[in-house]
Structure formats: structure tokens, C-alpha cells
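*Asks:* Sequence below, structure please.
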Amino acid sequence: MMLRYALRTVRHRKAGFLGAFVALLCAAALITACGTLLETGLRGRIATERYAGTPVLVSADQNVHQTTVKEKKGKAKTKHKAKPVAERAWLPAATVDTVRSVPGVGRAVPELTFQAVPLTGAAGTAKPSYGHAWTSAVLTPFTLAEGHAPRAGDEVVIDRDLAARAGLATGARLTVQATGDPKTYTVSGVARTAAGGLAHQSALFFSDTEAQRLAARTGQVSAIGVLPRPGVDPGELAARLTRTLAPTTAQVSTGDDRGPVEFLDAAGARVKLVSMGGAMGGTSLLVAVLVVAGTFALSVQQRRRELALLRAIAATPRQLRGMLGREALIVGLAAGIAGALAGLPLAAWLYGRFVATGAVPATLERTAGIFPMIAAVGASLLGGWAAARIAGRRTTRVRPAEALAEAAVERRRPDWTRTLAGLLLLAGGAVLVVVLGSLRTEPASTPVTFLAVVVLAGAVSLLGPLLVRVASALLAGPLALTGPGGRLATANLRGNATRMASAVTPLTLLTAMTCTVLFITPTLGHAARTQAREGVRAPWVLSAQGPGVGPEAVERVRRTPGVTAATEIVRTSVRVGLTKYAAQGVTPAGLTRTWDPAVTGGSLDGFGEGRVAVSELAAGQLGLKPGSPLTLTLGDGTPVTLTVSAVYARGLGFGDVTLPHALVAAHVDNPLAGSVLVAAEPGVGRERLAAAAGVPVLSAAQADAARERRDAAGAEVNLLAMGLVLAFTAIAVVNTLAMSTAERFREFALLRLAGAQRRQVLRMLRAEAVGVLLMGVVLGAGIAAAVLTAFSLGMTGVAAPVVLPVVCAGVVGGAALLALPAVAVPGRLALRLRPVDVATSA
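*Replies:* Model prediction:
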């Protein structure tokens, strides 16, 4: 019977359930979008291009492995973990002979893959470009469309797409920069594939000798393409190769497994998407629970008269709870299905934006499976049902004799269960803030930051009625200055604290979340730039043009009269165990003239081969001090053991690990310097250095400004990642305020019958909206200030988050633009009803 009544209620009270439907729909769409990103990271396909004609591929293992054995209840439990390295891992060239000896191998083709950036016109701006030896063209396969294969060291064959894009033909001159200084080649031929070209890269082919010189990896190959003999099954051959190569670190790939070997950035993006999708999804789910619970609480509160009447005519609390739960399931099912369908184009848009900003490569194909949609519908059903049952708990438990009276006036005594839960959440949020102040790595602090915001906003939601009453007492004086409307607004805020708290909560969450998202990156970026600015002693910086500054250009600068030191900087990342650390390679000669990382232990004197310097953070985590041995894995998977020569304080500005330049350059895909710090006597100017280097020369201040612009560009990804959560919260603000205002038509009619004019009622509504806005903004700003201060203390050591006044004003203005119309428009519509008609219908 209650199911039939629930269906009739939903059918005849569509407007009353609209707010809950919108909230659940948005939540389902958000969960679907985040789930699609997560699924793309887990199962997204990376199709091969370069190795399309190679059924079996042998490559180096791209991971660092760690095996641990733990004793549990007398039994040994083995755990194996693996993490990817930052650069391409290479194979010993001798592996080619081992592969050739395996039965069934028709041909084993060594492959060299290295960056080769065309510098002629717009040739190098459209796609990443890589160099290879012409003998490996068969792996795609590439065939000559015109010209001939490269025979001399100054000849190159380019793919047809690059030739068309750069306007090049056979005989043209093309300047290319690979792992050294730029060199000009003659285009000896143009190559093509059966499909016409490569979609995500450009290919340049050199003679074998020139390719080995440019790759700068003597005695190594990046991969081995294996062509089976006729009649040999590639799967069986791959199994034989795996058994033969088992004692080595080589791995064998077939089918779609070849794609991650070719596109290392796409393989790395999988991990990033899993992390990003999980973080966004978790935050979205917490926000959705908070928003949906508030929306259903308001919806149930608006039906207090109806529920009280049912209670008075003998409906049991169990029946009412069941009815509310069934209504929520009906609304949740409809909203979940609609939201899941809407989440698919939303996920496609979000993936497209990530690709456009460079956060995710286009080579990682988006996966649009059914699992995120199922999860979204399930979350909508469960969230709606739980929210409705919790929201209707007190209303369904009142005694029948008190039901009608309870419906007429909002309860003034606090709900102790709700208050206790709110205090527990407040304590939990305070603990998270304290923990956040002790976290010193971004991967650890970021999820705790947003979790703290949501938990504290949840505390505001539960403690809302008490907070509204306190705030309304403080606002009584200012609101009274606006006249009778302000005094009525104060009375409404005090007398309807529960209803007003439902409007304050989403505003609080929106303000807190927006401020946190907007100010986290500037806080971290400002601290890093400050450390870098204070630590760079060199007055001049050679800025990378193209892939980087070549070694010959740096040598020319060093030989310039008046130059006292030139420090090349190459950036990478290393792993100690499985932990990843940002690292850089620096030229040891004259290092202290150009660079000061604020050494707090040991010394940089004598820094060079076999030495490493680490930040205080890394030293503390790894238990290091000057003289300690440190075993780490370089970017390409090569393990080395070094001696710690110095510990420094400016890790945010310069990375946690500093290595000799020669060591890093030999184990990264791009060994060219990203920047070069130049110390010179006062008489040496920009023009002289630029003439020697052939690249732009920046002052230290200009280099700092350029870094700030790069940081701002990088912040776009973070804003985009959390933008959907903020948009959902903004919709919840409008939704809740509109619901809260639209259901007050009887109250407005009573005021009109008592003599209030239409504009006086609207003035009262505006005063209420201003009061609610002030409460939400102040509470949200307070949460953001506490969380950002703890974040700043943990990450920078100083409790001074970067807060931009203009951005703060924009946040307040945006909240006002959402809140005021959301109150004014439903209020005007409600006032269009004739008071007499409303009173008669009531």
C-alpha cells in the first residue's frame, strides 16, 4: 500500500521532488564522468603506431620492483609492487643476438628511438617527433614514396606528413636538434606507411651510424622488433622469447601491449588518471552525499504537514520511513539513469580538455564502459534512500497527538543526536587539519586537504541550526537598519533555523571548496618560486629554445671573457625504493657561484662524480646525513649508489635530489639543459651572452616571471579537475535556495493579508538572502583559512597561505550572483499568486 502511495506522491508532487531529482542527477553525472576517467586509466587502450608491422616486440622493463615478505600468523606473506620509471629504459645491444637465436625468429631488428625535433618553420610544432635508424623502418613498415634511403651522416628521410606540414621535398635542407646541438641535414627521401602516416608522432630516419651518434646510447637499443618466420604463430614465439629472456629484465609484448612500450607518456598517464579519477570521484561522492542529504532534509521538512497528518491518522513510523525510502528510490532511479547518460558526454568533454592541456596524451584512448554508469545509478539509489530515511527520522517518530502541532511550528530544542554527530565531525575535521599541518609531500597532503574541507562542511551541515541562531543574533542589528523587512528577516532566520541551515550549508561548501582549489596552487607555487629566486645567484639564465640548450652552446658561453661559471640544469625524477623524488642534474664546476640551495648539512665543495645532495625532506624520510650512502634508481631504471655530500633546505624550489649533470644526462630521454645559470663579471651583458649561446638570455627576474607563467598554466589542470565538483556545488546552492524560497507561498500570502506590500516582502527576502550569504561566506572562508593555513605549514614550513584579494572578491561576488537570484526569482513567482486563493487552498 505504501509503495502505491509513494508512486502517487511522486506523480502528483513533481515540483516537490524536483530539487532532489536535480541533486541526484548531477551527482550521478559527476560520478559517471569521474568513473570513466578512472576506468580509462585502468583499461584505456594504447594502440601502437610505430610497431604496427611488428607482431612481437622485446623491450626493457619500465618498472622498479620491490618484494617484501611479512610474517602473519606464522605464515610468510609475499607482496610484490612495481612503479614506473620516468624515462625510457634501454636494453643491452647483446640482447639482439639472444633474440635471433630463438627458434622461429625470422628477423630481429634493433630499434633506436630518440627525440629529433625539426627546427625549420612550423615543422616541429604539431606532433612529438622521434629519430630512428633507417634499417628499423620495416617495423611499421615505412617505404619510400620518393628519393632514397639516407646513406651519409648528413642525410635524413622524413615521413610524408612532416614533409607536407613543413613544405619540404627531396633535396630540401632541414635543421634538426636531437640529443646535442642542432645540425642541418639534406632530405634524401620521403617515406610513407600503408595507412598514409602516423597520427600521433613524426618519424625521421637517419643512417645507422648517425642514428647511433644521435641516440648517445652506445651499446644499447631501445627495443627489438621480432618478425616471425612464415608459419610461426606470434603467440607461441612470444612464449619462447619470454622463457629465453627470463633471466634478464627484458619483457616481451604482443598485440595492444606494444602500445605502452611505444608511448611511455600514455602508460604514465594511466597512473595519473587512476589517481586523478579516484581523487575526483571520492571528493565528488562525499560532496554528493552532503548535498543530497541536505536537499532531502529540506524536501521532507516541506512535507511536515502531510507527514504529520498521516501520522495522526494511524500511520506507523515504520510505514512512513518505508514510504519515504520508496519515494527516494523512485526519484533516485530516474535521476541516476538520466545522470549516468548525461555523464558520458561530460566525461568525453573532460577527457578532451585534459588532452588539450597536455595532462593526458591523445594516444591513451578513452574507455566508455558500463561500470561507471552502474556505479552512478547505484550511488543515486543508495544515497537518495539513505538521505530520505535519515531526513525523515524525527518526523516519523513523533507521537500522533503531537503531530499536527509539530507540523505547525519548527522545533526550538536542538536535536541532540544531530548535535552530537556534528561535534564528532567537527572534531574529526580538526584532527585532519592538525594532520595536514604535518604532511610535507603534495601527493599525501592534497587528498587530506579536500577531505578536511568536506568533513568540516559536514559539521556545519549538522550544527547548522545552532550556527544560524547564533549568527542571526549577531546580524540582528545590521539587518534592523534596513527597516521592517530586515526585522522580519531576522525573525525568520531565528524561527526557521533548520530551513535556513539547509541553504547555508551548500554556500559554505561552495565558498570553502572554491577558495581551497584556487589558493592551493598559488601557495605552493609562491613558496617554490621564492626558494628558487633566493637560491639563484646567477644574474643571467640561458632559456631553452626547442628541446633545450646544447652542450656546444654552453661551452661557447663558458669561453666568453668575463663568464665565471655556467651551470647546466637537467630535470628528471628518481626512485628510492618505490618512492618518487623530483631530481635535477647540475654542472659541478663553479656551482656555488650560480646556485645556493641553503645547505644545512655537509658542503657542496667537491660535489661531482659519485656524489648526491638531498633536501631536508628527503633526508628526513630516508634517514640520511652527509656521508651516508644512498642507493637510488635513475630515470631510465639504472640503479646507482652515491654518497650524500650535502643536505639543503630549498627542496621546493630545486627538487629533493641533486645529482651531477653528466650522470643525469646519460640516463634521460632529453639530455639537453632546460636552462643554464650563468655567473659573469659586471661588464658582461645580455647581448654578448646571446651572441655566444645563440639562444635567448633572460635576467634572473625574467626567468622567475617565466616560471610563474608556467606554474599558472600547470594550475589549469587542477582547476579543471575540481571544476566539476565546484559546478555541482554551485548547482546545489541554486537548487537548495530555490526550493527553500518556493515552498513559502503560504507564508507570503499571510504577510500580504496582514497588510505587507509586495515590495516589502521582496525586501524581506533580499535581507534574508544577504544574511544567509554572509553566514555561508564567513563559515566557508573560515574553513578554507584553517585548511589552507595547515596546508601551507606542512608544505612550506610557514603558516602563510597565498590569498589574493581580487580572487576572494570574485568568490564572494560569484556566491552572491548565485544566491540572490535563486531567492528573488522563486520569491517573485510565489508572490504572483493571489493571497486569498492561497489562504483558501491552505
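
*Asks:* Surely residue 808 touches residue 514?
*Replies:* No - look at residue 808 against residue 514 with Cβ atoms under 8 Å: they stay out of range, at 9.9 Å. Backbone N, C-alpha and C define where each C-beta goes, glycine included.

*Asks:* With neighbour numbers in mind, choose between those two.
*Replies:* Counted by other Cβ atoms under 10 Å, residue 808 and residue 514 do not tie: residue 514 has more neighbours, with 23 against 18.

*Asks:* Quick check: closest non-adjacent residue to that one.
*Replies:* In this structure, residue 514 finds its nearest non-sequential neighbour in residue 811, 5.3 Å apart by Cβ to Cβ, 6 or more residues apart in numbering.

*Asks:* Check residue 299 too.
*Replies:* residue 20 (5.2 Å).

*Asks:* The one you found and residue 458, how far apart?
*Replies:* 19 Å (Cβ to Cβ, to the nearest Å).

*Asks:* Run through the bridge partners of residue 540.
*Replies:* residue 678, residue 699 (DSSP bridges).

*Asks:* OK, contacts around it?
*Replies:* The contact partners of residue 540, by Cβ atoms under 8 Å, 6 or more residues apart in numbering, come to 677, 678, 679, 680, 686, 689, 697, 698, 699, 700.

*Asks:* Could you report the separation of it from residue 138?
*Replies:* 48 Å.

*Asks:* Can I take it that residue 48 is in a strand?
*Replies:* No - assessed with DSSP: H, G, I helix; E, B strand; the rest coil, residue 48 is coil; it does not lie in a strand.

*Asks:* For the spatially closest residue to it that is not a sequence neighbour, grab the count of nearby residues.
*Replies:* In space, and not counting its chain neighbours, residue 48 is closest to residue 258: 4.1 Å by Cβ to Cβ, 6+ apart. For residue 258, the count of nearby residues is 24 (other Cβ under 10 Å).

*Asks:* Please report phi then psi for residue 258.
*Replies:* Main-chain torsions, residue 258, degrees, to the nearest 10: phi -70, psi -30.

*Asks:* For it, give me its contacts.
*Replies:* With Cβ under 8 Å, 6+ apart, residue 258 has these contacts: 48, 51, 54, 57.

*Asks:* what pairs with the helix or strand harbouring the last one, and is each one parallel or antiparallel?
*Replies:* When elements are assigned from DSSP states H and E, residue 57 belongs to strand 56-60. On the basis of DSSP bridges, the sheet neighbours of strand 56-60 come out as strand 223-228 (antiparallel), strand 250-254 (antiparallel).

*Asks:* tell me the most buried of those strands?
*Replies:* strand 223-228 (a mean of 24; mean count of other Cβ atoms under 10 Å).

*Asks:* where do the helices sit along the stretch 451-600 of the chain?
*Replies:* In order along the chain, the stretch 451-600 of the chain carries the following helices (DSSP state H, counting those that start in this stretch): 464-480, 484-495, 497-535, 551-558, 591-594.

*Asks:* scratch that, the stretch 651-800 of the chain
*Replies:* Using DSSP H, counting those that start in this stretch, helices in the stretch 651-800 of the chain cover 651-654, 661-665, 686-693, 700-742, 745-753, 758-796.

*Asks:* and what of the stretch 251-400 of the chain?
*Replies:* Using DSSP H, counting those that start in this stretch, the helices of the stretch 251-400 of the chain run over 258-262, 264-302, 304-312, 317-357, 371-391, 393-397, 400-408.

*Asks:* Can you tell me which of those is nearest to residue 39?
*Replies:* Among these, the nearest to residue 39 by Cβ to Cβ is helix 371-391 (5.9 Å).

*Asks:* Mind giving me the packing neighbours of the closest one?
*Replies:* helix 14-43, helix 264-302, helix 317-357 (3 or more Cβ pairs under 8 Å, 6 or more residues apart in numbering; DSSP states H and E).

*Asks:* Now the weakest link among those, please, by mean pLDDT.
*Replies:* For those, mean pLDDT drops lowest on helix 264-302, to a mean of 77.

*Asks:* Pull out the buried positions in it.
*Replies:* 264, 266-270, 272-274, 276-281, 283-302 (16 or more other Cβ atoms under 10 Å).

*Asks:* Next, the angle from it to helix 497-535.
*Replies:* 160 degrees (axes from the mean of the first three to the mean of the last three Cα atoms, to 10 degrees).

*Asks:* tilt between helix 264-302 and helix 464-480?
*Replies:* Taking the same axes, to 10 degrees, one finds helix 264-302 and helix 464-480 inclined to each other by 80 degrees.

*Asks:* and stretch 477-484, how far apart are its ends?
*Replies:* Start to finish, the residues bounding stretch 477-484 are 12 Å apart (Cα to Cα, to the nearest Å).

*Asks:* mind listing what's buried in it?
*Replies:* 479, 482.

*Asks:* now do stretch 539-554
*Replies:* Using 16+ other Cβ under 10 Å as the test for burial, stretch 539-554 gives 539-551, 553-554.

*Asks:* Between all of those, which two are separated the most?
*Replies:* Using Cβ to Cβ, the pair of the buried residues of stretch 539-554 lying farthest apart is 539 and 547, separated by 25.2 Å.

*Asks:* Below-threshold pLDDT in the stretch 651-800 of the chain: ranges please.
*Replies:* For the stretch 651-800 of the chain, the stretches with pLDDT under 70 are 713-718, 721, 743, 745.

*Asks:* so what are the domain limits for the protein?
*Replies:* Following automatic domain parsing, one finds the domains of the chain at 1-46+263-409, 56-261, 413-535+709-842, 546-695.

*Asks:* chain center to the last one: distance?
*Replies:* Here domain 546-695 shows a centroid-to-chain-centroid distance of 28 Å under the convention Cα atoms, centre = their mean, to the nearest Å.

*Asks:* what do you get for the second one?
*Replies:* Its chain's C-alpha centre and that of domain 56-261 lie 30 Å apart, by Cα atoms, centre = their mean.

*Asks:* Give the full set of residues in contact with residue 599.
*Replies:* Contacts of residue 599 (Cβ under 8 Å, 6+ apart): 613, 646, 647, 648, 649.

*Asks:* Just the pLDDT at residue 123, thanks.
*Replies:* For residue 123, pLDDT reads 52.

*Asks:* how far away is residue 109 from residue 218?
*Replies:* Relative to residue 218, residue 109 is positioned 19 Å away (Cβ to Cβ).

*Asks:* Show me which of those two is the more surrounded one.
*Replies:* A count of neighbours by other Cβ under 10 Å puts residue 109 above the other of residue 109 and residue 218, at 19 against 8.

*Asks:* so what's the backbone phi/psi at the more buried one?
*Replies:* Per degrees, to the nearest 10, the backbone of residue 109 is at phi -110, psi 110.

*Asks:* Specify the beta-bridge partners of it.
*Replies:* residue 225.

*Asks:* which non-adjacent residue is nearest residue 380?
*Replies:* Excluding its sequence neighbours, the residue lying closest to residue 380 (Cβ to Cβ, 6+ apart) is residue 336, at 3.1 Å.

*Asks:* Once you drop chain neighbours, what's closest to residue 439?
*Replies:* Per Cβ to Cβ, 6+ apart, closest to residue 439 is residue 445, 4.1 Å.

*Asks:* On the three-state scheme, the one you found is what?
*Replies:* Here residue 445 is recorded as helix under three-state DSSP.

*Asks:* could we number from 125 for the rest of this?
*Replies:* In the new numbering, first residue 125, that becomes residue 569.

*Asks:* Roughly how far does it sit from residue 914?
*Replies:* Noted for residue 569: a distance of 9 Å to residue 914, by Cβ to Cβ.

*Asks:* tell me, what's touching the two both at once?
*Replies:* Common neighbours of residue 569 and residue 914, counting by Cβ under 8 Å, 6+ apart, are residue 560.
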